[in-house]
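Enquirer: build me a model:
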Amino acid sequence: MDPLHLLMIGAGPGVGAAVARRFARGGYRLTLLARDTDRLRQLAADVAADVADADPAIGTVAADAGDPDGLRDTLSSLYASSGAPGVVVYNAALISPDSLLHSDPSHLQHAYNVDVVGAVVATQVAAGPMRAAGAGTILFTSGHPAHEPVPSLATLSLGKAALRSAATILCADLAADGIRVASVTIGGPVAAGTPFSLDRIADRYWTIVHSAGDWHSEFHIDGA
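Expert: Okay, here's the model as predicted:
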């Protein structure tokens, strides 16, 4: 396992790309995972161009976080290779306006798969190699709906609350093996020029991963 290899699951142009850029500048090799192959390749090219001075190694893997079995197969292949990721960021989420009163069961299940089950599957796959190495860090991107549900973002609110609980449980389950698991709660809307700018958020991820202090199952980006 390579401690300087970051796997970004749910790589997109926002938080995912910002965190990837920050870690590339810090000397990390990157593997970006998302569903859309063309967009994923473009994102990798954009990240590489943004941090060209760091000459980062960037790989891409196409997989759907909403397909737990497919995601498991893809990640298992990745972790069977040498230099498997020592840092995992689960950044996938289904973000769309919806209502519990009007959502059919298939939508509810799909949202849960993307928002929660994929994160658990990723941890299950990574845990074995990380346990063998005696180290590893897994972070789940969360947000304020985990604490304050938003009715118009019903499934996202349920998902973030469940994701926070999953991080708490997995943190306790894996701590003795040297594996650190936590959710990172972004406490406000992401916007340039604010305490929740992408660069500030990415710096916070970097600080959390490289923290030598006490570990917590949840870290807050609160704008302070």
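Enquirer: residue contacts, residue 187?
Expert: For residue 187, the contact set (CB atoms under 8 Å, 6 or more residues apart in numbering) comprises 143, 144, 196, 220, 221, 222, 223. For the C-beta atoms, the positions are set from N, CA and C on the backbone; glycine is no exception.
Enquirer: just give the closest residue to the most centrally placed residue in the chain, not the sequence neighbours.
Expert: The residue lying closest to the centre of the chain (CA atoms, centre = their mean) is residue 90, at 1.9 Å. Closest residue to residue 90 apart from its sequence neighbours, by CB to CB, 6 or more residues apart in numbering: residue 119 at 4.3 Å.
Enquirer: next, the distance between the ends of stretch 172-192.
Expert: Stretch 172-192 has an end-to-end distance of 35 Å (CA to CA, to the nearest Å).
Enquirer: low pLDDT regions in the protein?
Expert: Applying pLDDT under 70 to the chain flags no residue at all.
Enquirer: packing partners for the helix ranked longest in the chain?
Expert: As assigned by DSSP state H, the longest helix anywhere in the chain is helix 154-174. Packing partners of helix 154-174 (3 or more CB pairs under 8 Å, 6 or more residues apart in numbering; DSSP states H and E): helix 105-112, helix 118-133, strand 136-143, strand 179-186, strand 218-221.
Enquirer: please name whichever of these is nearest to residue 203.
Expert: strand 218-221 (9.7 Å; CB to CB).
Enquirer: OK, contacts around the residue nearest to the centre of the chain?
Expert: By CB under 8 Å, 6+ apart, the neighbours of residue 90 are 9, 10, 118, 119, 122, 138, 139, 140, 141.
Enquirer: need phi/psi at it.
Expert: Dihedral angles of residue 90 (phi, psi; degrees, to the nearest 10) stand at phi -90, psi 110.
Enquirer: show me how far stretch 94-105 is from its chain's centre.
Expert: 22 Å (CA atoms, centre = their mean, to the nearest Å).
Enquirer: an error on my part: the question was meant for stretch 201-219.
Expert: 13 Å.
Enquirer: ends of that stretch, what's the gap?
Expert: 12 Å.
Enquirer: could you give me the buried positions within it?
Expert: 201, 202, 204, 205, 206, 208, 209, 217, 218, 219 (16 or more other CB atoms under 10 Å).
Enquirer: and the two most separated of the residues you listed?
Expert: Pairwise over the buried residues of stretch 201-219, using CB to CB, the maximum falls at 202 and 217, 21.1 Å.
Enquirer: ok, back up a step: what does the longest helix of the chain contact?
Expert: 93-96, 98-100, 103, 107-108, 111-112, 114-116, 119-120, 123, 127, 130-131, 138, 140, 142-143, 145-147, 149-151, 180-183, 185, 215-218.
Enquirer: of these, buried ones?
Expert: Buried among these by 16+ other CB under 10 Å: 93-94, 98, 108, 111-112, 114-116, 119-120, 123, 127, 130, 138, 140, 142-143, 145-146, 180-183, 185, 217-218.
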